[in-house]
Each structure stands twice: as C-alpha cells, then as structure tokens.
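> how would this look folded up:
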Amino acid sequence: MADKSIKQPENVPGKYYVDQTCVPCNDCIKEAPNLLQYSADESHIFVKKQPTNQNEEKQAKAAMAMCPVDAIGDDGE
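As a prediction, this is how the structure comes out:
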C-alpha cells in the first residue's frame, strides 16, 4: 500500500499520488499516460494531473492496480 508520508515531491495535489517506493517499470504509464509522468532523471513516476472525469478516474485506478510495488495511492489530500 502506498504511503502518503513519502510522496514523490512532483505529485500535483489531490487524491492520487505516487510514493518513493516507485520503481519506474512503465506499467502504470501505459494505463494512465495523461495522468502520470517520469521524473526528469527517469528514476520514478509521479502524478502530473489528477483525474477530472470518469474515464481518467478509471485509468488512475487501473494504473494503481498494475503497480507491482503498490507505490500509487488514492488517499491523497
């Protein structure tokens, strides 16, 4: 389960976030390319945009489910 106390600093504010346990495997970006992005050094992924419609919400949930290390959370503030 993702830990909101160790969120990636680049995450935009909102419900979804990526924490510092991320290993950039690329699976989540395939599910939500409009919502997630690699960091400048490609060492991790972060939430660049929060979902604003049902389709994007579905993509965010799919990305979270795909994460092999459970680094994506949906209890952000």
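
> just give me the neighbour total for residue 62.
Neighbour count for residue 62, taken as other CB atoms under 10 Å: 14. Yep, even glycine has a C-beta here, placed from its N, CA and C like the rest.

> pLDDT wise, what is it at?
Note for residue 62: predicted pLDDT of 97.

> direction included, what does the helix or strand hosting residue 46 pair against?
Element membership for residue 46, per DSSP states H and E: strand 45-47. Note on strand 45-47: by DSSP bridges, its sheet partners are strand 36-38 (antiparallel).

> could you list the buried residues of the partner strand?
Of all the residues in strand 36-38, those buried under the rule 16 or more other CB atoms under 10 Å are 36, 37.

> other residues contacting that strand?
Outside strand 36-38, the residues that touch it by CB atoms under 8 Å, 6 or more residues apart in numbering are 10, 18, 24, 28, 29, 44, 45, 46, 47, 48, 63.

> returning to that earlier point: and the next element down the chain from the strand holding residue 46?
Downstream of strand 45-47, the next assigned helix or strand under DSSP H and E is helix 54-66.

> how far away from the center of its chain is that next one?
Computed by CA atoms, centre = their mean, to the nearest Å, the chain-centroid distance of helix 54-66 equals 10 Å.
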